[in-house]
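What follows is a predicted structure for the sequence shown.
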Amino acid sequence: MTTEEVIIQLKQKSSASYLAGMKRFGIDNSHALGTPLPEVRKIGKAIKKDHALALQLWDTKIHEARMLASIIADAALVTTELMDAWVMDFNSWDICDQVCGNLFCRTPFAIEKAIAFCRRNEEFVKRAGFVLMAEYAMHNKTADDAIFIAILPITEREAGDNRNFVKKAINWTIRQIGKRNDILRIAAIETANRILLQNSKASNWIASKALNELTNRISR
């Protein structure tokens, strides 16, 4: 399938009402067609893996084409250079989350790049770092606890960032780590309690949301 054929399919599944509605969810639709994600996934399922096509789709800058690129790209062929390039193109929380969840978290560089992205100041690059950590915690069932113990201090370090998409991702990371097992739940709760002591607007929000979920899991 060619890039042009894929874009035709995406346009056929698009709607003006969905395109307009994207803005209500904080999604940048300036380069979007208005194709719902389930329809994008159906197209991806039919294509399966095609890394060369994924690279071409990304270069179109079309929102849904980039979503599809993250679905059909081959994680085994992803390089750190590609990750660095794509993350700089993130302009919306949904493209950030889809690329991290569909592709980046499945690479051998997931934790390395997550840590690096968390040091950056760009909102969606930093969000990508924490989303990547959260997705890794969700998908890598056999990963050693030590990986996540080392990640938790990063959430504590960055908990003063009051930007909406960053603080939500930090909270998500803490919660996903804490839900892996009892040892990590205790470590995540201890981290959240230390974050609470920072007593900023962002840290209070991050910590309280995490503690609410993780302590409720203990009580059940």
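Received the coordinates, thanks.

Could you identify the longest helix within the protein?
helix 201-219 (DSSP state H).

What residues sit buried inside that helix?
For helix 201-219, burial by neighbour count (16 or more other C-beta atoms under 10 Å) applies to Ala202, Ser203, Trp205, Ile206, Ala207, Lys209, Ala210, Leu211, Glu213, Leu214. In short, each C-beta sits where N, CA and C put it, glycine included.

so how far is Lys209 from the first one?
It stands for Ala202. 11 Å (C-beta to C-beta, to the nearest Å).

do Ala32 as well
Distance from Ala32 to Lys209, by C-beta to C-beta: 29 Å.

tell me the contacts of the residue nearest in space to the middle of the chain?
Per C-alpha atoms, centre = their mean, the C-alpha nearest to the average position across the chain is that of Asp97, at 2.9 Å. By C-beta atoms under 8 Å, 6 or more residues apart in numbering, the residues touching Asp97 are Val131.

Keeping just the C-alphas, turn the helix or strand harbouring it into PDB.
Asp97 is part of helix 93-102, with elements assigned from DSSP states H and E. What follows is helix 93-102, C-alpha atoms only, in PDB (Å, rounded to 0.1, in the frame of the first residue of the first chain):
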ATOM      1  CA  TRP A  93      -1.100  14.800  24.100                       C
ATOM      2  CA  ASP A  94      -2.800  12.100  22.000                       C
ATOM      3  CA  ILE A  95       0.000  11.700  19.400                       C
ATOM      4  CA  CYS A  96       2.500  11.700  22.300                       C
ATOM      5  CA  ASP A  97       0.600   8.900  24.100                       C
ATOM      6  CA  GLN A  98      -0.100   6.800  21.100                       C
ATOM      7  CA  VAL A  99       3.500   6.800  19.800                       C
ATOM      8  CA  CYS A 100       4.900   6.000  23.300                       C
ATOM      9  CA  GLY A 101       2.300   3.300  23.900                       C
ATOM     10  CA  ASN A 102       2.200   1.700  20.500                       C
END
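
coming back round to it: let's have the buried residues of helix 201-219 in JSON lines, adding pLDDT.
Below are these laid out as JSON lines (pLDDT from 0 to 100):
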{"residue": "Ala202", "pLDDT": "97"}
{"residue": "Ser203", "pLDDT": "97"}
{"residue": "Trp205", "pLDDT": "97"}
{"residue": "Ile206", "pLDDT": "98"}
{"residue": "Ala207", "pLDDT": "97"}
{"residue": "Lys209", "pLDDT": "96"}
{"residue": "Ala210", "pLDDT": "97"}
{"residue": "Leu211", "pLDDT": "96"}
{"residue": "Glu213", "pLDDT": "94"}
{"residue": "Leu214", "pLDDT": "95"}
